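Peer 1: Model the structure of this input:
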Amino acid sequence: MENKIYYKIEKIKKTPQGYIFYITSSLGTSFEMPVSPDQYDRFDLEEGEIIDDAHFLKIREEHLFDNARRHAFSILSYGENNKKMLATKLQRQGFSRELSENVALYMEHRGYIDEKKQMGLLIDTYLKKKFGRIKIVEELILKGYRRDEVSEYVKGALTEINFAENCAWIIEHKYNPLPKDPNEIKKMMTALMRYGYNIGDIKEAIRIFQEGQA
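Peer 2: Numbers count the residues shown, from 1 in each chain. As a prediction, this is how the structure comes out:
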């Protein structure tokens with residue numbers, strides 16, 4: 001093992017939570033590695049055992065991943081999180097960005113995160129608030145969902161939604177009767193655009209509203 005880094009398992013101590021490995025390296029450093037009972041069984045290491053750098057790094061990576069995964073389960077037990085939210089919270093707990101993102105992806109692949117279901121529930125809420133298509137997309141992106149995934153999902157989820165009618169509902173309940181002053185009309189248009197409606201939706205909504213008043 002000359003000219004190579006190696007690690008020696010000096011001592012293994014059993015604890016109520018699992019085990020602690022007391023490790024020294026050929027570089028003269030010493031440290032402790034708390035491991036769960038499951039990790040202890042998988043690592044299959046004994047006191048006095050010497051492992052090379054590649055073996056140690058593999059164990060270290062698995063150890064960190066398992067710890068991050070346990071934290072992820074704990075975070076998800078408190079409520080829904082999308083991948084970005086979960087990864088951000090893991091980073092706040094001291095895990096690296098790469099590891100946090102990998103664990104978040106793992107949780108999604110295992111079915112613990114369902115972003116399509118989450119987006120569907122959020123869209124239902126936004127529609128009840130009479131948000132337009134543009135604002136719905138913006139809100140989902142602000143929540144941490146990827147822009148390309150949002151764009152793809154809303155294509156199907158919003159197909160049957162008549163946004164002009166939703167916009168007409170806002171006009172009826174907030175701008176009835178319609179303003180006649182150009183400045184007030186401009187203010188109304190700006191407010192409706194903040195709701196996420198485009199000019200085409202707004203013009204059609206005004207037509208629908210006026211027909212309903214006839």
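Peer 1: With Leu192 as the reference, measure out to the spatially closest residue to Met188 that is not a sequence neighbour.
Peer 2: Closest residue to Met188 apart from its sequence neighbours, by Cβ to Cβ, 6 or more residues apart in numbering: Tyr175 at 5.2 Å. Just so you know, the C-beta spots here come from the backbone N, C-alpha and C atoms, and that holds for glycine as well. Distance, Tyr175 to Leu192, using Cβ to Cβ, to the nearest Å: 9 Å.
Peer 1: Just want to know which of those two has more residues nearby.
Peer 2: Between Tyr175 and Leu192, counted using other Cβ atoms under 10 Å, the more crowded position is Leu192 (23 against 17).
Peer 1: what sits against the more buried one?
Peer 2: Listed by Cβ atoms under 8 Å, 6 or more residues apart in numbering, the contact partners of Leu192 are Gly132, Cys167, Ile170, Ile171, Asp201, Ile202, Ala205.
Peer 1: quick one: low-confidence ranges for the chain?
Peer 2: Applying pLDDT under 70 to the chain flags residues 1-3, 214.
Peer 1: tell me which strands and helices the lengthiest helix in it is in contact with?
Peer 2: Using DSSP state H to define each element, the chain has its longest helix at helix 53-76. Secondary-structure packing of helix 53-76 (3 or more Cβ pairs under 8 Å, 6 or more residues apart in numbering; DSSP states H and E): strand 6-15, strand 30-35, helix 37-43, helix 83-92, helix 97-109.
Peer 1: what's around Ile12, how many residues?
Peer 2: Ile12: 18 neighbours (other Cβ under 10 Å).
Peer 1: ok, it touching Gly18?
Peer 2: No. Here Ile12 lies out of contact with Gly18, judged by Cβ atoms under 8 Å, at a distance of 10.4 Å.
Peer 1: who touches both of those two?
Peer 2: Common contact partners of Ile12 and Gly18 (Cβ under 8 Å, 6+ apart): Tyr40.
Peer 1: circling back to that earlier point, show me which pair in the contacts of Leu192 is furthest apart.
Peer 2: Largest separation among the contacts of Leu192 by Cβ to Cβ: Gly132 and Ile171, giving 12.6 Å.
Peer 1: between those two, who's got more neighbours?
Peer 2: Counted by other Cβ under 10 Å, Gly132 and Ile171 do not tie: Gly132 has more neighbours, with 27 against 19.
Peer 1: so what's the residue lying closest to the more buried one once chain neighbours are set aside up against?
Peer 2: The shortest distance from Gly132 to any non-neighbouring residue, by Cβ to Cβ, 6+ apart, is to Gly196 (3.1 Å). Gly196 makes contacts with Phe131, Gly132, Arg133, Ile134, Lys135, Ile136, Val137, Glu138, as judged by Cβ under 8 Å, 6+ apart.
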